[in-house]
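Engineer: below are the sequence and a predicted model; questions follow.
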Amino acid sequence: MPRPLGELEDSVMTRVWKWNRPVTVREVLEDLRQERSIAYTTVMTVLDNLHQKGWVRREAEGRAYRYEAVSTRAAYAAALMNDAWSQSDNPAAALIAFFGMMSEEQRQALRDAIRIAQGPEAPKSPNGENGENGERGENGANPDSAPGPEER
């Protein structure tokens, strides 16, 4: 698990993730200057550090580099949550406490995510078995082993 990003690293990565394209130090600098006073060399150092840590890849363009995110903000957030959860001595209690902190909108997003992660559910057969777990067709044959239309 990568270490959490520092405040300035997060500000830089937020722009790289938001723009979702290779960026230059100058582009990041100009956007950051709308919020704070910051030097070109500071942004260059932060992007170089992010490159060294594996958060961004870079490609030379003339005398400068273009930087691009290696993974998404969602993947970063998931890694942080997984790391925090894995450090708990009672994972179920940690999840319950986490759910208690969530807004209704966040809980709905969680329900949606679980539904997506589980994938489409196969309809149950009368004997309670799913198609992948031995469901049989009308003639008792496994549908996966029945001949296709061109073989009948």
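Structural biologist: Everything's here; your move. Residues are numbered from 1 along each chain as shown.

Engineer: what about residue 88, how many neighbours?
Structural biologist: Neighbours of residue 88 under the rule other CB atoms under 10 Å: 13. All C-beta spots, glycine's among them, are computed from the backbone N, C-alpha and C.

Engineer: now do residue 13
Structural biologist: Residue 13: 21 neighbours (other CB under 10 Å).

Engineer: which residues touch it?
Structural biologist: 5, 50, 55-56, 69, 73, 76 (CB atoms under 8 Å, 6 or more residues apart in numbering).

Engineer: ok, now residue 99?
Structural biologist: Neighbours of residue 99 in contact, by CB under 8 Å, 6+ apart: 107, 110.

Engineer: what about it, distance to residue 114?
Structural biologist: Going from residue 99 to residue 114 by CB to CB, to the nearest Å gives 12 Å.

Engineer: with residue 74 instead?
Structural biologist: 15 Å.

Engineer: so where's this structure shaky on pLDDT?
Structural biologist: Across the chain, the ranges flagged by pLDDT under 70 are 1-2, 122-152.
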